[in-house]
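K.L.:
Whatever this is, show me its structure:
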Amino acid sequence: MKRRDKIIYWVATIWLSLGMVSTGIVQLIQMEEEVEKMNFLGYPSYFLLIIGVWKLLGVIAILLPKFKLVKEWAYAGFFFLTTGAIITHLIVGDGAVEFFGPTLLLVLTITSWYFRPADRKLSYN
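P.N.:
Modelled structure (predicted):
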């Protein structure tokens, strides 16, 4: 793996992890603003607990070495979560500022997944 690719991978992965951990914690503690936002979007507030737990577990899976299949599932979960958030904001007619967070996390997810080292990829042999 090229040095440039390693740097891209780790920068994207660290920023993705920080974003998922910070938003996951906010969702787990059910900050008032988050609960109001979820209600506005049409989701029940208990959904915050589910998302928060899965975000934290996904970050652990992505950062730990080994467990390649679990990493693939974590990346897929982050992809579905962020695209779902983007689509939800589109449907309710939110402004561009609401798209920034999920879009950034989506780009970081795809970048981290694409540039991950060979020892973190599933082999299909």
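
K.L.:
Find the residue at the geometric middle of this protein.
P.N.:
A centroid search over the chain (C-alpha atoms, centre = their mean) returns Phe78, at 3.8 Å, as the residue closest to the centre.

K.L.:
List the single closest residue to that residue in space, sequence neighbours excluded.
P.N.:
Thr109 (4.4 Å; C-beta to C-beta, 6 or more residues apart in numbering). Every C-beta, even on glycine, is put in place using the N, C-alpha and C of the backbone.

K.L.:
quick one: which helix or strand includes the one you found?
P.N.:
Per DSSP states H and E: Thr109 is located in helix 96-115.

K.L.:
got any ranges where the protein has weak pLDDT?
P.N.:
Applying pLDDT under 70 to the chain flags residues 125.

K.L.:
repeat that with 90
P.N.:
1, 40-42, 65-66, 94-99, 118-125 (pLDDT under 90).

K.L.:
hang on, the earlier thing: what packs against the helix holding Thr109?
P.N.:
Applying 3 or more C-beta pairs under 8 Å, 6 or more residues apart in numbering; DSSP states H and E, one finds that helix 96-115 makes contact with helix 3-28, helix 68-92.

K.L.:
Adding distance to Phe40, write the ones you listed out as a markdown table.
P.N.:
Compiled in a markdown table, the helices and strands packed on helix 96-115 are given as follows (distance: least, C-beta to C-beta, whole Å):
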| stretch | distance to Phe40 |
| --- | --- |
| helix 3-28 | 15 |
| helix 68-92 | 7 |
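
K.L.:
What is the host helix or strand of Ile50 packed up against?
P.N.:
Element membership for Ile50 (DSSP H and E) is helix 46-63. Identification of packing neighbours for helix 46-63 by 3+ C-beta pairs under 8 Å, 6+ apart yields helix 3-28, helix 32-41, helix 68-92.

K.L.:
Can I get stretch 54-64 in PDB, CA atoms only?
P.N.:
Presented in PDB, the C-alpha positions along stretch 54-64 are these (Å, rounded to 0.1, in the frame of the first residue of the first chain):
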ATOM      1  CA  TRP A  54     -24.800   0.800  16.600                       C
ATOM      2  CA  LYS A  55     -22.600   3.800  15.800                       C
ATOM      3  CA  LEU A  56     -20.300   3.100  18.800                       C
ATOM      4  CA  LEU A  57     -20.100  -0.600  18.000                       C
ATOM      5  CA  GLY A  58     -19.400   0.200  14.300                       C
ATOM      6  CA  VAL A  59     -16.500   2.500  15.200                       C
ATOM      7  CA  ILE A  60     -15.000  -0.300  17.400                       C
ATOM      8  CA  ALA A  61     -15.300  -2.700  14.500                       C
ATOM      9  CA  ILE A  62     -13.700  -0.400  12.100                       C
ATOM     10  CA  LEU A  63     -10.800   0.500  14.300                       C
ATOM     11  CA  LEU A  64      -9.900  -2.900  15.600                       C
END
